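A.B. asks: Need coordinates for the following:
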Amino acid sequence: MKAGANATVSPSQIGGLRMASEAIRPHVVVFLDLLLKEQGKTLRVEEIEIQASSPWAGKRLDEIDLKGRMNLLVLGLKHPPGSGLPELIVNPSDHATVTADGVIIALGDLPDIDRARREAEGRT
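C.D. replies: Presented below is the predicted three-dimensional model:
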């Protein structure tokens, strides 16, 4: 951090957290392992940036309908500082509004994520 890094990684801490998670939430660990390692799937948690010019800016999640149209699960919404909204909403309701210069955090297959990014940029 003193050298200017934004974050550090501790293998010991990661290993300890993994062992604790295995003991406390084994089914969740198996699910996440499958999510990250399954060969036939390209499921990922990804960011979809919403520019001011995006056709999605100012719309509610139910209007965009990412689950129905693109099979994406919205995990969170990040709003820009100073927007008057909470900076991060985890598991947002369908009535939550997507803001310009915000981010949608979604779980889905990479081709669906890519399609959503194109649409959010106005490139359908």
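A.B. asks: which non-adjacent residue is nearest the spatially most central residue of the chain?
C.D. replies: Centroid-nearest residue in the chain: Ile105, 2.2 Å away (criterion: CA atoms, centre = their mean). Distances taken as CB to CB, 6 or more residues apart in numbering place Gly76 nearest to Ile105, at 4.0 Å, with adjacent residues excluded. All C-beta atoms are positioned from the backbone trio N, CA, C, and that covers glycine.
A.B. asks: tell me what the one helix or strand the residue nearest to the centre of the chain maps to is packed against?
C.D. replies: Ile105 belongs to strand 102-109 when assigned by DSSP states H and E. Counting contacts by 3 or more CB pairs under 8 Å, 6 or more residues apart in numbering; DSSP states H and E, strand 102-109 is packed against strand 43-50, helix 66-70, strand 73-78, helix 110-120.
A.B. asks: shaky segments in this structure?
C.D. replies: 38-40 (pLDDT under 70).
A.B. asks: measure Gln13 to Ala3 for me?
C.D. replies: To Ala3, Gln13 is 19 Å away according to CB to CB, to the nearest Å.
A.B. asks: Between the two, which has more neighbouring residues?
C.D. replies: Gln13 (10 against 4; other CB atoms under 10 Å).
A.B. asks: measure that one to Glu47 for me?
C.D. replies: In terms of CB to CB, Gln13 sits 24 Å off from Glu47.
A.B. asks: in what helix or strand does the nearest residue to Val28 once chain neighbours are set aside lie?
C.D. replies: Closest residue in space to Val28, ignoring its immediate chain neighbours: Ser21 at 7.1 Å, by CB to CB, 6+ apart. Taking DSSP H and E as the definition, one finds Ser21 inside helix 11-24.
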